[in-house]
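A.B. asks: here is my input, please return the structure:
(2 chains, ligands or ions: 3)
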Amino acid sequence: MLTPRLYLAQRLSALILAPLVIGHVAVMIYAVQDGLSAAEILGRTRGSIGWALFYGLFAAAVAVHAAIGLRVIAHETLGLKGRGLAALTWAIFALLLGLGLRAVWAVTAGGAA
Amino acid sequence: MTTAQKSGSGTDTIGNHGTGEGADESAGSSAPGAALSVSVWRGGPGGGRFHDYEVPARESQTVLDVVSWIQQEAEPALAYRFACRVGMCGSCAMTVNGVPRWTCRTHVQRVAANGRLQIAPLRNLPVIRDLAVDMDPFFERWTAAEGRFHPGTTRHDPMAPVDPASPARREADAAIECINCAVCHAACDTVAADPDYLGPAPLNRAWTLLNDAKDEGRDAILDAVAGRGGCLSCHSMGSCTRHCPNGLDPMRAIAGLKRATALRALRGRR
Ligand code: SF4
Ligand code: SF4
Ligand code: FES
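C.D. replies: Ligands and ions are numbered 1, 2, ... in the order given. Alright, predicted model coming up:
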């Protein structure tokens, strides 16, 4: 069950995610091919505003996109609606955003400060 | 049926159906004395079961012919619906071997599996009795989707010009020949999963009105289709388009409504 704004938010977050996912996969392949160790990777990401922005945006877009998608599934398969549905949407959003940003923090800021 | 708007389009277009539901097929001959094994669902709102009948196979036989034969020769109390028998009225739809179809234009030869037919009422609508379903929930959605003309002028005003070549009119024309058969409604899994969902046919009608130069209900239509159970609930899986016997493309119409709805929200007018 979607409102026009939720619909737009899901489309826009997908639009943002598409290039970020490609970038993420490219980075992964690069890191593996190059045989970078965890310490070497952390050495590049720590203190980098660029990587913090890249993965921060990534985590935020995932949280928006997935929360709305799961909301639709919860409505259709569990029959959830109204406040329960809104609460579930926000809870999923907050959980994903929290986990994502914590990970971003750990690889970009952790230890650098 | 009041909404089969065919005026002016000429009867020659009726029967010119994109998906070619067997209408133009040359039926081969059946062996004399051959019989079909037909299972027909019988029962009511509380439940029912399939009853088996042997029906003589005939050339160019339609599924509706088979049902009529059973009612006339074997089971006088069998409840089912039809009217025009030529694919115009939209009243004869049933589930044939698991697939929703207009039975008056579905040739047995095309759908029978080894001489077997299983005929059940349409899905996603309450059964009244046997093969007759209650169409009220279908037409109530039609109303809820603002699937009615919204006049903005009186007889004293000049007529709004309609340019048949304009993109909007072409969109409307491509979607207009709906016969309200509810085949798409039965085919749609979102209708099955979400009791609020308006469904493909009412949304398809809303789309034709949105593209009608004479209809002045733009905001009312968009309010109706943007809300709960509206076009945004569609998953674009296309069962409606696949099964529409008239070759219409409700999925495309709904995609158009989604665009119009999203654009309106982007402009801050929801
Ligand atoms: S495209 Fe939309 S309306 Fe058509 S069958 Fe799929 S969900 Fe239903
Ligand atoms: S859109 Fe097609 S399948 Fe649906 S009610 Fe109209 S004619 Fe029937
Ligand atoms: S009887 Fe009218 S459409 Fe089949």
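A.B. asks: what about residue 94, neighbour count?
C.D. replies: This is for chain A. A:Ala94 is flanked by 12 other residues according to other Cβ atoms under 10 Å in any protein chain shown. C-beta here means a position set from N, CA and C on the backbone, and glycine is covered the same way.
A.B. asks: wrong one, chain B
C.D. replies: Burial measure for B:Met94: 28 neighbouring residues, criterion other Cβ under 10 Å.
A.B. asks: that one is in contact with B:Leu78, isn't it?
C.D. replies: No. Contact criterion Cβ atoms under 8 Å: B:Met94 and B:Leu78 do not qualify, at 11.8 Å.
A.B. asks: who touches both of the two?
C.D. replies: The contact sets of B:Met94 and B:Leu78 overlap at B:Val67, B:Leu131 (Cβ atoms under 8 Å, 6 or more residues apart in numbering or on different chains).
A.B. asks: closest residue of chain B to chain A?
C.D. replies: When scored by Cβ to the nearest Cβ, chain B has B:Ala265 as its residue closest to chain A, at 3.5 Å.
A.B. asks: any idea how far the residue lying closest to that residue once chain neighbours are set aside is from ligand 3?
C.D. replies: Spatial nearest neighbour of B:Ala265, chain neighbours left out: A:Pro4 (3.5 Å); criterion: Cβ to Cβ, 6 or more residues apart in numbering or on different chains. For A:Pro4, the distance to ligand 3 (Cβ to the nearest ligand atom, to the nearest Å) stands at 36 Å.
A.B. asks: what do you get for B:Ser166?
C.D. replies: Distance of B:Ser166 to ligand 3, given as Cβ to the nearest ligand atom: 31 Å.
A.B. asks: burial count for that residue?
C.D. replies: Neighbour count for B:Ser166, taken as other Cβ under 10 Å: 13.
A.B. asks: wait, what's in contact with the closest residue to B:Arg85 other than its chain neighbours?
C.D. replies: Leaving aside its sequence neighbours, B:Arg85 sits nearest to B:Cys104 (Cβ to Cβ, 6+ apart; 4.7 Å). B:Cys104 makes contact with B:Thr62, B:Val63, B:Leu64, B:Phe82, B:Cys84, B:Arg85, B:Val86, B:Gly87, B:Cys92, according to Cβ under 8 Å, 6+ apart.
A.B. asks: ditto for B:Arg42
C.D. replies: By Cβ under 8 Å, 6+ apart, the contact set of B:Arg42 is B:Gly48, B:Arg49, B:Phe50, B:His51, B:Glu75, B:Leu78, B:Asp130.
A.B. asks: can you tell me the SS state at the fourth one?
C.D. replies: For B:His51, the reduced secondary structure class is strand; criterion used: DSSP: H, G, I helix; E, B strand; the rest coil.
A.B. asks: burial measure for it, as a count.
C.D. replies: With other Cβ under 10 Å as criterion, B:His51 counts 16.
A.B. asks: from B:Ile70, how far out is it?
C.D. replies: B:His51 sits at a distance of 9 Å from B:Ile70 (criterion: Cβ to Cβ, to the nearest Å).
A.B. asks: and the last one, by the same measure?
C.D. replies: When Cβ to Cβ is the yardstick, B:Asp130 and B:Ile70 sit 10 Å from each other.
A.B. asks: shared neighbours, the two?
C.D. replies: Counting by Cβ under 8 Å, 6+ apart, the residues touching both B:Asp130 and B:Ile70 are B:Val40, B:Leu78.
A.B. asks: and the helix or strand where A:Gly50 lies, average pLDDT?
C.D. replies: Per DSSP states H and E, A:Gly50 falls inside helix A:49-78. The average pLDDT within helix A:49-78 is 95.
A.B. asks: ok, it near ligand 1 or not?
C.D. replies: No. Using Cβ under 6 Å from any ligand atom, helix A:49-78 stays clear of ligand 1, with a minimum separation of 10.5 Å.
A.B. asks: SS state for B:Gly229?
C.D. replies: Assigned by three-state DSSP, the conformation of B:Gly229 is coil.
A.B. asks: apart from its chain neighbours, what residue comes closest to B:Ile70?
C.D. replies: Closest residue in space to B:Ile70, ignoring its immediate chain neighbours: B:Tyr53 at 5.1 Å, by Cβ to Cβ, 6+ apart.
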